[in-house]
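Trainee: Turn this into a model:
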Amino acid sequence: MPKTFLENTTLIQYNETDYKTGNYEKIEHVITSEKDGLIRWINTYGMEYKDQLREVIIQNKLDDFLLKLIKDDEQSNKVIELEDLLFVSIRVLKTENDSLDSEQMFFIVSSDFVWSIQEQKGDYFGWIRERIRDNKGLIRKKKSDYLLFLLIESIIDNYYETNQNYIEMYSEMLDTTKVKPTPEFTNQIEKQRRNLLKFKKSANSLRTTLLRLEKVKNKNIKSSYFSELKEQTNDLITDIDFDLQTLESSLNLVFSIQGHRLNEVMKTLTIFSVIFIPLTFLAGIYGMNFKNIPELETQNGYYVLLGVMSVITVGIIIYFKQKKWF
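Mentor: This is a model prediction of the structure:
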């Protein structure tokens, strides 16, 4: 049975000394801000609860422009400044499987709350919840903009980790001692290249979002957080570009090695062919069923022919040796 909006919405409240967590029993209880010194992190899984999202926005008297923004769950990355609010839309790659599907995430941020709305169940934010619960690091001492910083940083870290897994995967695939350049191998490499390009496109889009966050003029948002994230994203994009070049170079090396191996095989076959073609020619001449072949009447003709064949064989081998063909 599908879960309801309230079942898919959780609340974490905290400050330096207090910590509370729980779910909501009624939609009227979803209060974004109470001005009580607590930072609230409201998290909702599911973009389909349009009516409930609208109701929460209206009852909390949030900027009504949010009503328009949440209607579209296929938005590109956006950063929109509203009255005492910041709306951030990010399309994030889902890295749990090889298909690299994407999901939409919305973040509504004010001075004392962050409301994260995710398209699908599951995220990369478990470690943040743990740090809030156990009061690790600075998060309980900071405001909501620091929470937004950690949420986006978690997305970038997940990209780094997944990209590293891909590097290890194709490094093993491109082991020149094991690789066989079959059509299946080529398809796998092409799939890895497409995944890296997806990562680069998503990272570029994320960097654009961070550039916009860096320029936000809001007293509740510390732009230096996002300058740091922008540099991390730049490093990620640089790594992806390097990985694409490495993949291309490794693939060229694999096919060069395979081409060299094929050339060696062809050279060996050519040498054998050159040796045996004249011998086969002579055997064919004296194997014809004509009566008037003079050499057939010669008493030592057989041995003479074997001698000629031997001389031809040795001569060809000496010639190849001089040419350093083997």
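Trainee: quick one, helices of the stretch 51-200 of the chain?
Mentor: 65-69, 126-134, 144-173, 183-214 (DSSP state H, counting those that start in this stretch).
Trainee: who wins for proximity to Thr17 among those?
Mentor: Shortest distance between Thr17 and these, using Cβ to Cβ, is found for helix 126-134: 12.8 Å. Where you see a C-beta, it was placed from the backbone N, CA and C, and this is true even at glycine.
Trainee: Compute the inter-axis angle for that closest one and helix 144-173.
Mentor: If you take axes from the mean of the first three to the mean of the last three Cα atoms, to 10 degrees, helix 126-134 sits at 140 degrees to helix 144-173.
Trainee: Alpha carbons of helix 126-134, as CSV, please.
Mentor: Provided in CSV are the C-alpha atoms of helix 126-134 (Å, rounded to 0.1, in the frame of the first residue of the first chain):
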residue,chain,number,x,y,z
GLY,A,126,22.3,9.3,6.4
TRP,A,127,25.7,10.5,7.7
ILE,A,128,24.3,14.0,8.1
ARG,A,129,21.4,12.7,10.3
GLU,A,130,24.0,10.8,12.3
ARG,A,131,26.1,13.8,12.9
ILE,A,132,23.1,15.8,14.0
ARG,A,133,22.0,13.1,16.3
ASP,A,134,25.4,12.5,17.9
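Trainee: Strands of this structure, start to end?
Mentor: For the chain, applying DSSP state E gives strands covering 9-14, 19-23, 39-45, 78-82, 85-93, 102-109, 113-118.
Trainee: coming back round to it: Gln52 is nearest to which of the helices of the stretch 51-200 of the chain?
Mentor: Once the helices of the stretch 51-200 of the chain are compared by Cβ to Cβ, helix 65-69 is nearest, at 12.5 Å.
Trainee: what helices or strands is that closest one leaning on?
Mentor: The contact analysis (3 or more Cβ pairs under 8 Å, 6 or more residues apart in numbering; DSSP states H and E) places helix 65-69 against helix 50-59, strand 78-82, strand 85-93.
Trainee: which one is Leu236 nearest to, not counting chain neighbours?
Mentor: Counting by Cβ to Cβ, 6 or more residues apart in numbering, Ala203 is the residue found nearest to Leu236 once chain neighbours are left out, at 5.1 Å.
Trainee: Relative to Asn289, how far out is that neighbour?
Mentor: When Cβ to Cβ, to the nearest Å is applied, the distance between Ala203 and Asn289 equals 78 Å.
Trainee: So these two - more neighbours on which side?
Mentor: Ala203 (24 against 5; other Cβ atoms under 10 Å).
Trainee: The more buried one: what's it in contact with?
Mentor: The contact partners of Ala203, by Cβ atoms under 8 Å, 6 or more residues apart in numbering, come to 159, 233, 236-237, 240.
Trainee: which of those count as buried?
Mentor: 159, 233, 236-237, 240 (16 or more other Cβ atoms under 10 Å).
Trainee: The lengthiest helix in the chain - what's its average pLDDT?
Mentor: Counting by DSSP state H, the longest helix found in the chain is helix 223-285. Across helix 223-285, pLDDT averages out at 84.
Trainee: on that earlier part again, make TSV out of the strands of the chain and add mean pLDDT.
Mentor: Shown next, in TSV, are the strands of the chain (pLDDT from 0 to 100):
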stretch	mean pLDDT
strand 9-14	94
strand 19-23	91
strand 39-45	94
strand 78-82	90
strand 85-93	89
strand 102-109	90
strand 113-118	93
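Trainee: Need the winner for burial among the ones you listed.
Mentor: Mean neighbour count, computed with mean count of other Cβ atoms under 10 Å, is highest for strand 113-118 among the strands of the chain, reaching a mean of 22.
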